[in-house]
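K.L.:
here's my sequence, what's the structure:
(one chain, ligands or ions: 1)
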Amino acid sequence: TCEDSVVSSPHPDLHDSALLRAARGEAVPHTPVWYMRQAGRSLPEYLRVREGVAMLDACMDPGLVTEITLQPVRRYGVDAAIFFSDIVLPLKAVGVDLDIKPGVGPVVAQPVRTLEDVAAIPDLEAGHVPYITEAVRSLVGELGATPLIGFAGAPFTVASYLVEGGPSKEHAKTKAMMFGAPDVWDALMRKIAGIAAAYLQVQVRAGASAVQLFDSWAGALTPDDYRDQVMPHSARVLAAAGELGVPRIHFGVGTSNLLPLMAEAGADVVGVDWRTPLAAAVPQVGERSVQGNLDPTLVFAPTEVMTRRAGAIIEAGKAARGHIFNLGHGVIPSTDPDQLARLTEFVQSYPR
Ligand code: CP3
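P.N.:
Numbers count the residues shown, from 1 in each chain. Below you'll find the model as predicted:
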């Protein structure tokens, strides 16, 4: 609607921030850096504000989301904020009975198995998530020239939680549906893609200036299965964000054999996990930027070991159209924030 598209005027320097320039493949004054899961469990100030507040309740509280999202920006001076939420939040918002259990992760009360189960999940409209619009607007005001990255879970990764009913290593029930019940699979993937697309558009209309699509578990798929059964749905989500003109980051774990397809799905930036050397990833993504990819455990190594590896990654990234520095997956909960502060300082002062 008209009202949704009203965005208070962006900070004059936002468009030329290092992150957005790198995402578009333009020259940058320094390599931009942010960290997946930078807002959250490794920060004492996060643990303090989350005390006694359930995860999903925190996600629906615009004041808390704003505070938690800003914490790593204040502490590290990273080049972007990532919206604090979870990939299952939009499902909760449309009424799927699910919870995030401490130490377990998302748990779905009635796993999806049939066409009727899929049909029972409503499509998402902006009216389902007023607290997201409010949190994004408040954040964009506070962040000024620092971009806010909105995000959504990709259809395959979200489907895994809906079909398995909770976290899974093998994604066996999910893949069994994909292989054995193609009509249910197609309906489910369309449903989730529609929800993810609408959810990203809500965040962008409220002022997010880039988005990341998390297909964390796509590495469980062969390239053929990914291309035929997953990629068209992810492509639809990425296209919905592209329509609104923001850069799209597309990330998965264990995706060394999927990188060209994840690029082709409609990414401006391809996120690379740490198992693939960045130099090997760059030629696979075509005329696109890359994001990554320091092993998150290197933050536990002596500082000089960590920074030597980070320097090699920045050098490898120079061959790409653009490079956004990140870890190869999320910040590990026991990470020492001071070590991430040193890493940030190292990356931002590394000569281009
Ligand atoms: O871990 C924390 O920072 C505490 C808050 C929390 C999040 N998710 C934040 C989050 C909690 C308790 C969850 C539950 C959850 N959701 C888990 C278990 C986490 C755990 O370690 O106990 C998992 C695996 C999920 C599902 C999920 N959420 C996936 C697969 C992803 C994609 C990113 C990834 O790690 O692969 C998310 C996104 C997510 N969860 C974000 C945050 C702040 C956003 C992305 C980011 O900050 O980089």
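K.L.:
just the strands in the stretch 101-250 of the chain please.
P.N.:
105-108, 148-153, 210-215, 248-252 (DSSP state E, counting those that start in this stretch).
K.L.:
next to the ligand, which bits of this protein? Give me the list.
P.N.:
36-37, 39-41, 55, 82, 84, 86-87, 100, 105-106, 151, 157, 167, 214, 216, 330 (C-beta under 6 Å from any ligand atom). (C-beta placed from N, C-alpha, C; glycine too.)
K.L.:
so for Ala267, which of the strands of the stretch 101-250 of the chain sits nearest?
P.N.:
strand 248-252 (3.6 Å; C-beta to C-beta).
K.L.:
neighbouring strands of the closest one in the sheet, and parallel or not?
P.N.:
strand 210-215 (parallel), strand 269-271 (parallel) (DSSP bridges).
K.L.:
what about the first one, average pLDDT?
P.N.:
On average, the pLDDT along strand 210-215 is 98.
K.L.:
how big is the angle separating that strand from strand 148-153?
P.N.:
Strand 210-215 runs at 20 degrees relative to strand 148-153, counting by axes from the mean of the first three to the mean of the last three C-alpha atoms, to 10 degrees.
K.L.:
need the CA coordinates for strand 210-215. PDB is fine.
P.N.:
Written as PDB, here are the backbone C-alpha positions of strand 210-215 (Å, rounded to 0.1, in the frame of the first residue of the first chain):
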ATOM      1  CA  ALA A 210      20.200  -4.500   1.600                       C
ATOM      2  CA  VAL A 211      18.900  -8.000   2.200                       C
ATOM      3  CA  GLN A 212      20.400 -11.400   2.900                       C
ATOM      4  CA  LEU A 213      18.700 -14.700   2.000                       C
ATOM      5  CA  PHE A 214      19.900 -17.400   4.400                       C
ATOM      6  CA  ASP A 215      19.800 -20.800   2.800                       C
END
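K.L.:
how far out from the middle of the chain is it?
P.N.:
Centroid separation for strand 210-215 versus its chain: 4 Å, with C-alpha atoms, centre = their mean, to the nearest Å.
K.L.:
now do stretch 192-207
P.N.:
Centroid displacement of stretch 192-207 relative to its chain, using C-alpha atoms, centre = their mean, is 13 Å.
K.L.:
what residue in the chain comes nearest to the ligand?
P.N.:
Of all residues in the chain, the one sitting closest to the ligand is Gly40 (2.4 Å; C-beta to the nearest ligand atom).
K.L.:
for that residue, which non-adjacent residue is spatially closest?
P.N.:
Once flanking residues are discounted, Gly40 sits nearest to Tyr46: 5.6 Å by C-beta to C-beta, 6 or more residues apart in numbering.
K.L.:
any weak-confidence spans in the chain?
P.N.:
Within the chain, the segments meeting pLDDT under 70 span 1-8.
K.L.:
one more pass at 90, please.
P.N.:
Across the chain, the ranges flagged by pLDDT under 90 are 1-9, 352.
K.L.:
returning to that earlier point: would you turn the strands of the stretch 101-250 of the chain into a markdown table with distance to Pro232 and mean neighbour count?
P.N.:
Below are the strands of the stretch 101-250 of the chain laid out as a markdown table (distance: least, C-beta to C-beta, whole Å; neighbours: other C-beta atoms under 10 Å):
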| stretch | distance to Pro232 | mean neighbour count |
| --- | --- | --- |
| strand 105-108 | 24 | 19 |
| strand 148-153 | 16 | 26 |
| strand 210-215 | 13 | 26 |
| strand 248-252 | 14 | 27 |
